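In: Sequence first, predicted model second:
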Amino acid sequence: MYKIVEARNVGLNIKQFVIEAPRIAARQKPGQFLILRLHDKGERIPLTIKASDPVAGTVTIVVQAIGKTTSLLNCLEAGDCILDIVGPLGHPSEIETYGTAVILAGSVGTAMALPTANALKQAGNHVVFIEGARNKEMVVFEDEVRQASNETYIMTDDGSYGEQGLVTKKLSELIASGRKIDFVLAVGPVPMMRAVAQVTAPLKIKTMVSLNSIMVDGTGMCGGCRVLLGNKSKFACVDGPEFDASLVNFEVLMQRNAMYRDKECESLKQFVQNKHKEVAQLRAELAAAEAMAKGELHG
Amino acid sequence: MAEKNALPLKDRMKIARIPMPELDPSVRSRNFEEVNQGLETAAALTEATRCIACAKPGCVVHCPVGVKIRDVVALIYAGDYLAAAKKLREDNSLPAITGRVCPQENQCEGGCILGKKGAPVAIGNLERFVADFERTSGQLGLPAIAPSTGKSVAIVGSGPAGLSAAGDLIQKGHRVRVFEALHELGGVLIYGIPEFRLPKSIVKGEVDNLRRMGVEFETNVVVGKSVTIDELMQNEKFDAVFVATGAGLPRFLGVPGEHFNGVYSANEFLTRINLMRAYQPSEYDEPVYDCRDRDVIVVGGGNTAMDAVRTARRLGARTATLVYRRSAAEMPARAEEVKHARQEGIEFHMLTNPIEFLGDEKGWLTDARCMKMKLGEPDQSGRRSPVEIKGSEFVLPANVVIIGVGTTANPLIQSSTPDLNTTPRNYIVADPETTRTSKRGVFAGGDIVTGGATVILAMGAGRKAAASIHSYLTSGLW
Ligand SMILES: Cc1cc2nc3c(=O)[nH]c(=O)nc-3n(C[C@H](O)[C@H](O)[C@H](O)COP(=O)(O)OP(=O)(O)OC[C@H]3O[C@@H](n4cnc5c(N)ncnc54)[C@H](O)[C@@H]3O)c2cc1C
Ligand SMILES: Cc1cc2nc3c(=O)[nH]c(=O)nc-3n(C[C@H](O)[C@H](O)[C@H](O)COP(=O)(O)OP(=O)(O)OC[C@H]3O[C@@H](n4cnc5c(N)ncnc54)[C@H](O)[C@@H]3O)c2cc1C
Ligand code: SF4
Ligand code: SF4
Ligand code: FES
């Protein structure tokens, strides 16, 4: 059982949690993720670790509610527990001194990119962070983004904040202005990452993308997370999650991520209808599990 | 001691082998209940009567861990099932499991003298009978635990190798802590072998016993990622580590079209079903392809492939077909599973190999293009290797394809432990007798050393490791 010590809403349907997970906190590096399971009948979902505090033994995650599991998770508060958490998984981001590093991220991807941005800045890179959002309300972690970068741009679809346009618009502008870009990292929805790859690949700018394929175990055992790189299959959980964008087959990623869409929609619908009951049930189950775990320790 | 078998030899040999009662195929191919229902007491007694108590029992020689079968059977005959269970446990710490899943026809029963002329003694069924009797009798005495030695052992992986090592080491008075990557304990016994062959409650029972004996378990720890072997030894002060991480990495065929939606590794398919219970969609959140009224093809000929194809059938597949590139004679699966699969309406396409998967414009699998094969010269494994027959291509419709052609070593320990010697295929090198690796204090056994093998071999390796670790911890000699 892993206790939530802090929970707060940071944006529309986006919540940040600080959770006790000392083993993970002791070893986490930027770019790594964890897998959690909320209750005995729940699925295992991967989430990037935004930060960790090895002394306090806590990790921070940021969750966007999009389906049943993330919606249920975002109903939890400080003091609640999570049944299972495993990590840190995946390869850490490669941190080198490239020169100018541009990071493009949107909504929850911003949280996922922050630790790597910080590390790149500390390694002496000039970090340009381009954060995208649909509108002003959807801009998250602006202060942290500004701190993790030397140069910050906020792009909104409707122009209600920062500049109007997609993150790739700003990237293209920077390139057109003659800026030398040595490294690009894109974290966000697949179409966004694909668009970034389309801009940088012809220019041969080293570009990494963080792939969010569907996972089960996260240890290389199932192969469900496989992504197509050129004509090679790679497992996102152990070979990634960051990959060279110029090799990634984004169409296959989108197609595979749609594999369970019907069931996911049905599941979310059911959840929305029974939200209060489900949350109450989850809390009851966790309390029972905690009592049992205590019993095991004492007897 | 055991009562002498009163029936004359000749009469005993006339008794026909008692068949295992099974659920009706038309019923069981729609549910996940255990197929084999277990022998009744009277039936077990009669079966035990068949054993002619050989002076040099071939059965014992052919059991990989040398279970004293003759003595066990004599105790069953004498009606002392608890004593039989105790005798069984001298060599086998997981009898309720091995009685169910050992490939007996190649092992104990393959060595039984009665098999020369008729049917061998049903050793597996008797083993299961005794173990189940013990389990449900409520008289399962926990073994004595030696006084604490002050030493502690970390075991990585909770499959049969890890669990059996834990059981032996705790009895010797060492502190034992098992680390498992998944959220449930049991390794392949939990995530791989389905409920209809090995009920989860049996594996859970074994784990609970170990817990009561004092073994500590920590799930959700991927050693190599969450903590390294060096950290376990230096920071957490474990005096020895036993690596029993198995060979769980799925192999794909490497043919075009493997990325289509609907193509699974057997590991993923079985994990979704067994570990995550996706076969109960109304209760559990994990999704799996809806196989109802669809065509499912499983590639492979081992237990894994057989488990996958029979699972697909239970999920309501319209056709559940096994495609194997050699002939039925070369199939490594247990004979009983093949028989059960046929009864359940599984179709077999022998000497057939997929060469490409085809899909629609949205990325969903539609067909498997296959090639007919013929058997050529024997290969390294001694089996005749399959060769493609030119011009024999044909297409099988398939909404789901499950690849069950074997697995390779789990890599996370090896890559995070630089001074651990590995083979070119990334298995851990360990002495077959002592299970010692190249790194002081670190032992390894089970599938991570041998490659995908059997439950009983993994169990045997775990017990060897325990003996070897005990002698290292008490002598201090490496
Ligand atoms: C390495 C990695 C890091 C991630 N980090 C974050 C993060 O920091 N914050 C965050 O909010 N989200 C993150 N995600 C995405 C997150 O895992 C999914 O949003 C979540 O699994 C959806 O579960 P659900 O039940 O709420 O939605 P569902 O209804 O199950 O699915 C909705 C969508 O999520 C995708 N999805 C479903 N199951 C999985 C799964 N097991 N693994 C991955 N994707 C899945 C599907 O493609 C689907 O389109 C990450 C994904 C990966 C692979
Ligand atoms: C579907 C299927 C059916 C089978 N049927 C039969 C059968 O009928 N009869 C038979 O005899 N054999 C059968 N086998 C083979 C048998 O199950 C294996 O040989 C046996 O389980 C190997 O045991 P093990 O302890 O070495 O490893 P495993 O059972 O593989 O257990 C290894 C454990 O280690 C964990 N692990 C891996 N890496 C790490 C890490 N870094 N940190 C922490 N934990 C880790 C894994 O999650 C796993 O739980 C079958 C195998 C499969 C897949
Ligand atoms: S352990 Fe396996 S091989 Fe040995 S006697 Fe039991 S069933 Fe037979
Ligand atoms: S070989 Fe067969 S008959 Fe002989 S002791 Fe073993 S089980 Fe009995
Ligand atoms: S999630 Fe199973 S192999 Fe990556």
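Out: Nice, thanks for sending it over. Numbers count the residues shown, from 1 in each chain, chains lettered A, B, ... in the order given. Ligands and ions are numbered 1, 2, ... in the order given.
In: now A:Pro46, which residues is it bridged with?
Out: A:Ile35 (DSSP bridges).
In: what pLDDT does it get?
Out: As predicted, A:Pro46 sits at a pLDDT of 97.
In: for B:Leu7, same thing?
Out: B:Leu7 carries a pLDDT value of 79.
In: mind listing what it touches?
Out: By C-beta atoms under 8 Å, 6 or more residues apart in numbering or on different chains, B:Leu7 lies in contact with B:Thr49. (C-beta placed from N, C-alpha, C; glycine too.)
In: Where does it sit: helix, strand or coil?
Out: coil (DSSP: H, G, I helix; E, B strand; the rest coil).
In: Ramachandran coordinates for it?
Out: Main-chain dihedrals, B:Leu7, degrees, to the nearest 10: phi -70, psi 140.
In: now swap in B:Glu33 and tell me
Out: The phi/psi pair for B:Glu33 (degrees, to the nearest 10) is phi -70, psi 150.
In: Show me which residues of the stretch 1-150 of chain A are close to ligand 1?
Out: A:33, A:45-48, A:61-64, A:66-70, A:108, A:112 (C-beta under 6 Å from any ligand atom).
In: Buried only: go through these for me.
Out: Neighbour-count burial (16 or more other C-beta atoms under 10 Å in any protein chain shown) applied to these gives A:33, A:45-48, A:61-64, A:67-70, A:108, A:112.
In: closest to ligand 5 among the residues you listed?
Out: The closest of these to ligand 5 turns out to be A:Pro46 (C-beta to the nearest ligand atom; 7.9 Å).
In: Hmm, the closest one is touching A:Ile35, no?
Out: Yes. Using C-beta atoms under 8 Å as the test, A:Pro46 is close enough to A:Ile35 to be in contact (5.1 Å).
In: B:Lys374: which element?
Out: For B:Lys374, the host element (DSSP states H and E) is strand B:365-378.
In: Let me know the angle separating the helix or strand that that strand is followed by from strand B:365-378.
Out: Counting by DSSP H and E, the element after strand B:365-378 in chain order, helix or strand, is strand B:384-388. Calculated by axes from the mean of the first three to the mean of the last three C-alpha atoms, to 10 degrees, strand B:384-388 forms an angle of 130 degrees with strand B:365-378.
In: Just give the number of residues close to B:Gly138.
Out: Neighbourhood size, B:Gly138 [other C-beta atoms under 10 Å in any protein chain shown]: 6.
In: which residues does residue 156 bridge with?
Out: By default, I'm working from chain A. Where A:Thr156 sits in a bridge, its partners, by DSSP bridges, are A:Ala133, A:Gln164.
In: try again with chain B
Out: Beta bridges link B:Val156 to B:Phe179, B:Val243 when assigned by DSSP bridges.
In: ok, is the helix ranked longest in chain A in contact with ligand 1 or not?
Out: Once chain A is assigned using DSSP state H, the helix that runs over the most residues is helix A:275-298. No. Using C-beta under 6 Å from any ligand atom, helix A:275-298 stays clear of ligand 1, coming no nearer than 12.6 Å.
In: Could you pull up the contacting residues of A:Glu251?
Out: Neighbour list for A:Glu251: B:Gly363 [criterion: C-beta under 8 Å, 6+ apart].
In: And it, how far from B:Arg325?
Out: According to C-beta to C-beta, to the nearest Å, A:Glu251 stands 31 Å off from B:Arg325.
In: can you check B:Pro386 too?
Out: 4 Å.
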